[in-house]
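J.: Fold the following and give me the result.
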Amino acid sequence: VNRLSGTRINMTHDSPPCTRRLRADVTDAEPRLRAIGSEASAMRPAPSAWSPREIVGHLIDSASNNHQRFVRSAWQDDLIFVGYEQDRWVSLQRYQDVAWDELVDLWAAFNRHLAHVMASIPAPIRHRVHTRHNLDVVGFRAPSSAQQATLDYFMDDYVDHLEHHLRQLLGAAWTPPASG
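T.: Predicted coordinates:
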């Protein structure tokens, strides 16, 4: 029973496609990220641009923030979430000074756990349409007027964001593996 609405939730659920995408992306990208190496991971392409270490740090922050959002959404009647100041988070945590292998380890483990969380959320919760949301603020891409604001959409958007940054790190020629 949803504590806020009092409605009964059918706990049978199927694993969302974004879960398979996320697992496949992590499996494919992890060794490729490690191959970047410690020295290259610390290099910034431009003075104001993030280094690979800082991009992976940002992806860790994104996983951390979205982990809470995905879990809390099971008990919320909306998809309204607190944002975070990405540049300040990256700067404060000094990802530039963290060993590359440690960052890749944490990124991979956190995203494997997040895939588990996504798969654990029942389909009725994932598919519930929310008229109140701020996905245009906290999401990578806001849902269009034709799309429904659902947790499923938001979780898929999370994987789109991760893939965007993996292309930055691994090159535009990198394509997500088939997750079918």
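
J.: C-alpha only now, for contacts and for neighbours.
T.: Fine.

J.: Next, count neighbours for residue 82.
T.: Residue 82 has 9 neighbouring residues, counting by other C-alpha atoms under 10 Å.

J.: Can we start the residue count at 881 from this point?
T.: From this message on, residue numbering opens at 881, which makes the last subject residue 962.

J.: Confirm it sits in a strand?
T.: No. Going by DSSP: H, G, I helix; E, B strand; the rest coil, the assignment for residue 962 is coil, not a strand.

J.: ok, it - contacts?
T.: Contacts for residue 962 were tallied using C-alpha atoms under 8 Å, 6 or more residues apart in numbering; they are residue 1018.

J.: now residue 938
T.: Residue 938 is in contact with 966, 969-970, counting by C-alpha under 8 Å, 6+ apart.

J.: Nearest spatial neighbour of residue 1056, chain-adjacent residues omitted?
T.: Beyond its immediate neighbours in the sequence, the residue positioned closest to residue 1056 (C-alpha to C-alpha, 6 or more residues apart in numbering) is residue 905, lying 6.0 Å away.

J.: In strands, which of the contacts of residue 938 appear?
T.: For those, membership in strands holds for none, with DSSP state E as the criterion.

J.: Between those residues, which sits nearest residue 978?
T.: Top of the list for closeness to residue 978, among the contacts of residue 938 and by C-alpha to C-alpha, is residue 970 at 11.5 Å.

J.: ok, the closest one touching residue 939?
T.: No. The pair residue 970 and residue 939 fails to qualify as a contact (C-alpha atoms under 8 Å) at a distance of 9.8 Å.
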